[in-house]
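Chemist: Give me coordinates for this.
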Amino acid sequence: MSTHLTHVSAPEGLAPSPQYSHVVWGTGRFVAVSGQLALDSEGAVVGAGDAAAQARQVFANIGRCLAAAGADFADVVKLTYFVTDMAHMPAIRAARDTAFGSLPLPASSAVQVSALVRPEFCIEIEAFALVREIAGTVS
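Modeler: Residues are numbered from 1 along each chain as shown. This next block holds a predicted model:
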């Protein structure tokens, strides 16, 4: 199956990265997913103080948001990670790799912040996606 997205891991003059695509473009319906935190369906914090548990919950929440828009991780073009400590990035990458499987990785940015909305959160991730539109219908 052909994709509606093009991933470029190493534009001319840039070193390739195994952790993200430098550039992603495509066509379709734009979907923005607000920054997701490690909250369960009842609004309770999942994994207070545990970056791996929080990352898994955040990617599960992103997956639910994408599904609500008729999208999935294959449609994601950009992720932005907000972390209270860059030491959380290996746990985030592991959760991301589980969510994306063998899909090409999107463009991404990671920003260390002094705090998130509540002190028990150590990770927040937002996503942008382009959803393929097929023959006049919205996928």
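
Chemist: per-residue confidence for residue 139?
Modeler: Residue 139 is assigned 48 on the pLDDT scale.

Chemist: nearest residue to residue 120 other than its sequence neighbours?
Modeler: residue 48 (4.3 Å; Cβ to Cβ, 6 or more residues apart in numbering). From N, CA and C alone the C-beta is placed, and that goes for glycine too.

Chemist: What is the least confident helix or strand in the protein?
Modeler: Lowest by mean pLDDT, DSSP states H and E among the helices and strands of the chain is strand 137-138, with a mean of 51.

Chemist: So, low pLDDT: which residues of the chain?
Modeler: For the chain, the stretches with pLDDT under 70 are 1-3, 134-139.

Chemist: Could you state which residue of it sits nearest its centroid?
Modeler: residue 79 (4.2 Å; Cα atoms, centre = their mean).

Chemist: does that residue count as helix, strand or coil?
Modeler: Assigned with DSSP: H, G, I helix; E, B strand; the rest coil, residue 79 falls in the strand class.

Chemist: what bridges to it?
Modeler: residue 108, residue 127 (DSSP bridges).

Chemist: residues of stretch 59-66 that come out buried?
Modeler: 59-63, 65-66 (16 or more other Cβ atoms under 10 Å).
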